[in-house]
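Enquirer: Test case, fold it:
(one chain, ligands or ions: 1)
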Amino acid sequence: MPGNSMHALRYDRYGGGVAGLKHVEVPVPVPKKGEVLVKVEAITLNPVDWKIQKGMLRPILPFRFPHIPGNLWLPGSDISGEVVEVGPGVKKVKPGDKVVGMVNHFTGGGLAEYAVFKEFITVKRPAEISAAEAAGLLVAGLTAHQALSQAGIKLDGTGERKNILITAGSGGVGHYAVQLAKLANVHVTATCGARNMELVKSLGADEVIDYKSPAGAALESPSGRQYDAVIHCATGIPWSTFEPNLTQKGRVIDITPSASAMFTSAMKQLTCSKKKLVPLLLIPKARNLEYLLNLVKEGKLKTLIDSRHPLSRAEDAWAEIMDGHATGKIIVEP
Ligand SMILES: NC(=O)c1ccc[n+]([C@@H]2O[C@H](COP(=O)([O-])OP(=O)(O)OC[C@H]3O[C@@H](n4cnc5c(N)ncnc54)[C@H](OP(=O)(O)O)[C@@H]3O)[C@@H](O)[C@H]2O)c1
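Expert: Predicted coordinates for the structure are as follows:
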């Protein structure tokens, strides 16, 4: 059983970046009805963690401070650990089980020795999968899964062979999307930095473009293909760049939709355009997480680990995720 207090990282106001983070001792959270308390073994960071701290979701997510980061709006953040206590009504897991899950954004933070999360998004972790590998699958893996599904791709490979583009194929979401798309028997073109082109090819991309090259900036397929779908994991690319590269009914699944992307999306709907821009908001589902864990167990999907940091130096991980140049996932370990 845990003691009464634990080490955590916290911030007390919006803004401040790495300098705004503080190491603190706080009470260990207590699981309520339908919740599990987990001794954290690995946490992965996502860009949304620093975006929340910056205040980018302020209109929709008013936090009570002080706040332990790792909390997200809706999805929650990514944790692997061992169940140490369960709240009333929990049936799926018991103390001693190794699990992965997401913290509830109202109750507890991820960057801590213990965390509480809801049973509905708690899944047992097979013994063959490390805590770090499993944690990466949460926000990033589930987003890749959802984006491909929203693009009309059958992940079991039984659909028609489509031609897709994945931007930022080296990132947290992108590296899973490339692998899942390949398993789905899709022709994959991916963009990434020059340093990662061989790596992204090894994940299964058929064609890789350096995003800083002229062809990369124009998103032009080296073999002249048009895309049935784009899984857009990078940012800052306008609709006018996508549009000429899409097939007649091509769609862009935008996982970081800007205000102008939302406007374009609405206009495409209003005008009944065949080409569409679809904003994505992750809806985490345990069955999709189980699907991804199974692929990892079978050796068909892997988590690329960019770097690992102890909780005592979690601010280094924070600086890295803010920098936006991770190859795969950044891990923090208590
Ligand atoms: N809607 C949702 O629910 C949801 C869920 C998850 C993530 N997201 C959002 O999705 C975005 C991606 O997340 P992530 O975790 O994958 O980010 P990430 O891991 O931080 O992405 C970093 C990677 O992107 C590459 N990159 C940066 N700019 C690029 C460009 N213009 N073209 C190609 N590659 C580029 C970088 O390569 P270099 O180092 O070579 O520059 C790096 O490898 C973020 O904005 C995040 O907030 C949204």
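Enquirer: Next up, the contacts around the spatially closest residue to Leu246 that is not a sequence neighbour.
Expert: Nearest non-adjacent residue to Leu246, counting by CB to CB, 6 or more residues apart in numbering: Lys275, 5.1 Å away. (Each C-beta comes from the backbone N, C-alpha and C, glycine too.) Applying CB atoms under 8 Å, 6 or more residues apart in numbering to Lys275 gives the contacts Glu243, Leu246, Gln248, Lys249, Gly250, Arg251, Lys268.
Enquirer: So which residues lie in contact with stretch 140-148, not counting its own?
Expert: With CB under 8 Å, 6+ apart as the criterion, stretch 140-148 contacts 44, 46, 75, 78, 155, 172-174, 176-177, 180-181, 184, 231, 233, 253, 255, 280, 282-285, 288-289, 291-292, 301, 303, 329.
Enquirer: Where does pLDDT dip in this structure?
Expert: 1, 61-76, 104-108 (pLDDT under 70).
Enquirer: And the residue of it closest to the ligand?
Expert: Gly193 (2.3 Å; CB to the nearest ligand atom).
Enquirer: Need the buried ones from the contacts of stretch 140-148 selected in ChimeraX.
Expert: Burial among the contacts of stretch 140-148 is assessed by 16 or more other CB atoms under 10 Å; the matching ChimeraX selection reads:
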select :44,46,75,78,155,172,173,174,176,177,180,181,184,231,233,253,255,280,282,284,288,289,291,292,301,303,329
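Enquirer: Report how many residues lie close to the closest residue to Glu220 other than its chain neighbours.
Expert: Distance criterion CB to CB, 6+ apart; nearest residue to Glu220, sequence neighbours excluded, is Asn245 at 6.7 Å. When neighbours are defined as other CB atoms under 10 Å, Asn245 has 18 of them.
Enquirer: any idea how far Gln226 is from Arg287?
Expert: 33 Å (CB to CB, to the nearest Å).
Enquirer: out of those two, which sits in the busier spot?
Expert: Gln226 (14 against 7).
Enquirer: Quick check, the more buried one in contact with Thr247.
Expert: Yes. The pair Gln226 and Thr247 passes the contact test of CB atoms under 8 Å, sitting 4.6 Å apart.
Enquirer: check contacts around His232.
Expert: Thr167, Phe242, Val252, Ile253, Asp254, Ile255, Thr256.
Enquirer: Can you add secondary structure and give these back as JSON lines?
Expert: Putting the contacts of His232 into JSON lines (DSSP: H, G, I helix; E, B strand; the rest coil) gives the following:
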{"residue": "Thr167", "secondary structure": "strand"}
{"residue": "Phe242", "secondary structure": "helix"}
{"residue": "Val252", "secondary structure": "strand"}
{"residue": "Ile253", "secondary structure": "strand"}
{"residue": "Asp254", "secondary structure": "strand"}
{"residue": "Ile255", "secondary structure": "coil"}
{"residue": "Thr256", "secondary structure": "coil"}
